[in-house]
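> got a predicted structure here, sequence first:
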Amino acid sequence: MHEDVQVVPLWYGERDRPTIRGAILDLGAELPDLGTLARSVVRGIARNLRSRLPADALQDRRRVVGRGTALRRTPLLRAKIREEFGLPLTMTRTEEENATGAVLIACRRAGTTSCSLKALHKAIPH
């Protein structure tokens, strides 16, 4: 089959390398089916996340904490993250990641110390 198809999912670059682009590698004359291609994309995302960490980042870790819509809505991505990192994956309870991050940045820039994720979680409607 085509399970050896590799996807480098850098379609929009990286924060530190915005001009880098992704690729689909190891394609032959016979194209892979959509399921194989989807699994390759997800595997590429997990590998990319792992590769962005310093070599010792997972030393003495017992789990990986994840958040975000893609992880929450894609069981295959959660599985590939567990596989790539070799650790259990724990999802955060907060679902409004972008809003939460924006509020935290605004609180820091405003110089307030009373802005916490716990307080934000209570304030965000579920």
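Received the coordinates, thanks.

> wait, a strand at Leu27?
No - for Leu27, which was evaluated using DSSP: H, G, I helix; E, B strand; the rest coil, the result is coil, with no strand membership.

> count the neighbours of it for me.
Neighbour count for Leu27, taken as other CB atoms under 10 Å: 12. C-beta coordinates here come from the backbone N, C-alpha and C atoms, glycine included.

> contacts only, for Arg43.
The neighbourhood of Arg43, defined by CB atoms under 8 Å, 6 or more residues apart in numbering, consists of 6-7, 80, 84.

> give me the buried subset of these.
Neighbour counting over the contacts of Arg43 (16 or more other CB atoms under 10 Å) leaves 7, 80, 84 as the buried ones.

> in helices, which of the residues you listed appear?
Where the buried ones among the contacts of Arg43 overlap with helices, as defined by DSSP state H, the overlap consists of 80, 84.

> tell me which of the buried ones among the contacts of Arg43 has the lowest pLDDT.
The member of the buried ones among the contacts of Arg43 with the lowest model confidence is Val7, at 91 (criterion: pLDDT).

> list the contacts of the closest residue to it other than its chain neighbours.
With CB to CB, 6 or more residues apart in numbering as the criterion, Val7 has its nearest non-adjacent residue at 3.9 Å, and that residue is Gly44. Going by CB under 8 Å, 6+ apart, Gly44 touches 6-9, 22.

> now with 10 Å, please.
Residues touching Gly44, when contacts are defined by CB atoms under 10 Å, 6 or more residues apart in numbering, comprise 5-10, 22-25, 80.

> on that earlier part again, with distance to Arg109 added, can I get the buried ones among the contacts of Arg43 in CSV?
Rendered in CSV, the data for the buried ones among the contacts of Arg43 read as follows (distance: CB to CB, whole Å):
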residue, distance to Arg109
Val7, 37
Lys80, 36
Glu84, 34
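
> of the buried ones among the contacts of Arg43, closest to Arg62?
The closest of the buried ones among the contacts of Arg43 to Arg62 turns out to be Glu84 (CB to CB; 16.2 Å).

> now do the contacts for the residue most central in space within the chain.
Relative to the mean C-alpha position of the chain, the nearest C-alpha, by CA atoms, centre = their mean, is the one of Leu49, at 6.2 Å. With contact taken as CB under 10 Å, 6+ apart, Leu49 is in contact with 64, 66, 77, 80-81, 84-85.
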